[in-house]
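>>> Need coordinates for the following:
(chains A and B)
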Number of protein chains: 2
Amino acid sequence: MRTSSEVFAQKGYDRASVRDISAATEISLSGLYHYFSSKEELLFLIQKTCFDTLLERLGEDLAGLESPGERLSVVVRNHVRFFADNMAEMKVLSHEADALTGDYKEQIADRKRDYVDIVRQCVEEILETPYEADGRVATFALFGMMNWMYTWYRPTRDVSVDRLGSVILHTFLNGISSPLPDQGKAVEGAGSHGIRLFDID
Amino acid sequence: MRTSSEVFAQKGYDRASVRDISAATEISLSGLYHYFSSKEELLFLIQKTCFDTLLERLGEDLAGLESPGERLSVVVRNHVRFFADNMAEMKVLSHEADALTGDYKEQIADRKRDYVDIVRQCVEEILETPYEADGRVATFALFGMMNWMYTWYRPTRDVSVDRLGSVILHTFLNGISSPLPDQGKAVEGAGSHGIRLFDID
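Below you'll find the model as predicted:
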């Protein structure tokens, strides 16, 4: 699955053939078809394994934790560490989100919804905003900060994975802990930097 | 170019043919080849136009602005507004970053570097960190928050584009305005949420 993810990440799911997977894994075509019945099932299994692992680890790490800050810390650490170890999978999940069909698509959509719901809940335990709709924005802003890493992060020349997670957590947590402005108002809480008028110019 | 971006975003650059573009634009193949000589040149022109527009508008809006907070506000507003109007292009830029070759590739890489450098400079005018390497992390965390929108943002059911930009700016600006912790230390500045030990567990 790891090697297949690398092939999908490099060539794209559409262009990659099971023959390419066979060459990269050094497993015969008939050998591969012992494990999955189609290229689509293979893509499904990769995505399913990612979400199952993320959900399982997150559930274990959140169990018994009540402090909202610690819960959000666990969310960021779990996600960043998992995808730092699985950057090819991260690219495949991002680029091939729409490639699955039928039951495969539904099963992945269910898991993704479960995962997003847990993360959103952790975000909303902290988020200071008068508007419910901002919870979705903040949650996907966090996912963006974390998921974008597959486009730029190089473990050998950038900061460590733990530092990466720490910078993201710090930035996001401090950011959403200060009250969001009313709609149509200036951005508050950043007065020393002279911010104003974003919403009303 | 807009319609071509939508075709590339939907089918992927590899699978989309100039014939698909012809069908979608209702322009004959020979008509299309009046404007570009190959599918790759078309992809290049789409990417070039995005970066040229972003760079030109950003340069104009930053001119004469000295307050770091206002400069960052301009960066976020410029980027979010442009890509809210050009979500297909955003997906194409994200997914087809490696599809160009040779001189096309170099020309886009140059523009991208120029753009990232300006944004990073604006981020580092505010970022409170003892470590230079964090500047790159914070800059791409911001790009992640903004660019991820093509995966989830629906203008008709989510908050307005200005609110989206405002939430991102507020979160990021307040986040990086509070000093980042030393490496190997707990995350500071979030004490009320009980955060600790991210880096050292």
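
>>> can you tell if the lowest-mean-pLDDT helix or strand in chain A touches chain B?
Least confident helix or strand, chain A: helix A:87-95 with a mean of 89, by mean pLDDT, DSSP states H and E. Yes. Judged by C-beta under 8 Å from any C-beta of the partner chain, helix A:87-95 comes into contact with chain B through A:94-95. Any C-beta I mention is one placed from the backbone N, CA and C, and that applies to glycine too.

>>> Tell me the helices and strands packed up against the very next helix or strand once past that helix.
Per DSSP states H and E, helix A:87-95 leads on to helix A:102-124 as the next helix or strand towards the C-terminus. Using 3 or more C-beta pairs under 8 Å, 6 or more residues apart in numbering or on different chains; DSSP states H and E, the elements in contact with helix A:102-124 are helix A:39-62, helix A:68-84, helix A:134-147.

>>> Show me what helix A:102-124 is in contact with.
A:40-41, A:43-44, A:47-48, A:51-52, A:54-55, A:58, A:62, A:68, A:71-72, A:75, A:79, A:100, A:135-136, A:138-139, A:142-143, A:176 (C-beta atoms under 8 Å, 6 or more residues apart in numbering or on different chains).

>>> Report the angle between it and helix A:39-62.
Orientation check (axes from the mean of the first three to the mean of the last three C-alpha atoms, to 10 degrees): helix A:102-124 against helix A:39-62 gives 30 degrees.

>>> Quick one: mean pLDDT over helix A:102-124.
In this model, helix A:102-124 has an average pLDDT of 96.

>>> can you check stretch A:47-55 too?
pLDDT averaged over stretch A:47-55 gives 95.

>>> and that stretch, which residues are buried?
For stretch A:47-55, the neighbour count (16 or more other C-beta atoms under 10 Å in any protein chain shown) marks A:47-48, A:50-51, A:54-55 as buried.

>>> Stretch A:138-155 near chain B at all?
Yes. Counting by C-beta under 8 Å from any C-beta, contacts between stretch A:138-155 and chain B involve A:138, A:140-149, A:151-153.

>>> quick revisit: tabulate the buried residues of stretch A:47-55 in JSON lines, adding columns for distance to chain B.
Formatted as JSON lines, these follow (distance: C-beta to the nearest C-beta, whole Å):
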{"residue": "A:47", "distance to chain B": "15"}
{"residue": "A:48", "distance to chain B": "19"}
{"residue": "A:50", "distance to chain B": "16"}
{"residue": "A:51", "distance to chain B": "16"}
{"residue": "A:54", "distance to chain B": "17"}
{"residue": "A:55", "distance to chain B": "19"}
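
>>> Just put the residues you listed in TSV and tack on distance to residue B:17.
Conversion of these to TSV gives the following (distance: C-beta to C-beta, whole Å):
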residue	distance to residue B:17
A:47	28
A:48	32
A:50	32
A:51	34
A:54	37
A:55	39
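
>>> for stretch A:90-103, the distance to its chain's centre please.
13 Å (C-alpha atoms, centre = their mean, to the nearest Å).

>>> again, but for stretch A:86-102
11 Å.

>>> Just the buried positions in that stretch, please.
Applying 16+ other C-beta under 10 Å to stretch A:86-102 flags A:86-96, A:99-100 as buried.

>>> Most neighbours of all the residues of stretch A:138-155 next to chain B, which one?
Tallying neighbours with other C-beta atoms under 10 Å in any protein chain shown puts residue A:145 at the head of the residues of stretch A:138-155 next to chain B, with 33 neighbours.

>>> List the contacts of that residue.
Here residue A:145 is in contact with A:168, A:171-172, B:141-142, B:144-145 (C-beta under 8 Å, 6+ apart).

>>> and if we set it to 10 Å?
Applying C-beta atoms under 10 Å, 6 or more residues apart in numbering or on different chains, we find residue A:145 in contact with A:76, A:79-80, A:164, A:167-169, A:171-172, A:175, B:137-138, B:140-146, B:148, B:168, B:171-172, B:175.

>>> Residue A:134 touches residue A:182, doesn't it?
No. When contacts are counted by C-beta atoms under 10 Å, residue A:134 is not listed as touching residue A:182 (11.1 Å).

>>> Among the two, which residue is more densely surrounded?
residue A:134 (26 against 12).

>>> and the gap between residue A:163 and chain B?
Distance of residue A:163 to chain B, computed by C-beta to the nearest C-beta, to the nearest Å: 6 Å.

>>> what's the helix or strand for that residue?
helix A:161-177.

>>> just residue A:64 next, same as before
Taking DSSP H and E as the definition, one finds residue A:64 inside no helix or strand.

>>> just to revisit the earlier point, export the residues of stretch A:138-155 next to chain B to JSON lines and tack on pLDDT?
Output for the residues of stretch A:138-155 next to chain B, formatted as JSON lines (pLDDT from 0 to 100):
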{"residue": "A:138", "pLDDT": "97"}
{"residue": "A:140", "pLDDT": "97"}
{"residue": "A:141", "pLDDT": "97"}
{"residue": "A:142", "pLDDT": "98"}
{"residue": "A:143", "pLDDT": "97"}
{"residue": "A:144", "pLDDT": "97"}
{"residue": "A:145", "pLDDT": "97"}
{"residue": "A:146", "pLDDT": "97"}
{"residue": "A:147", "pLDDT": "95"}
{"residue": "A:148", "pLDDT": "94"}
{"residue": "A:149", "pLDDT": "94"}
{"residue": "A:151", "pLDDT": "91"}
{"residue": "A:152", "pLDDT": "94"}
{"residue": "A:153", "pLDDT": "95"}
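
>>> Which one of the residues you listed is nearest to residue B:30?
residue A:151 (37.2 Å; C-beta to C-beta).

>>> Quick check: the closest one touching residue A:91?
Yes. Using C-beta under 10 Å, residue A:151 is in contact with residue A:91, at 8.3 Å.

>>> How many neighbouring residues does residue A:158 have?
17.

>>> my read: it touches residue B:141, true?
No. Counting by C-beta under 10 Å, residue A:158 does not reach residue B:141; the two are 12.0 Å apart.

>>> which residues are common contacts for the two?
Contact criterion C-beta under 10 Å, 6+ apart; residues shared by residue A:158 and residue B:141: A:149, A:152, A:164, B:134.
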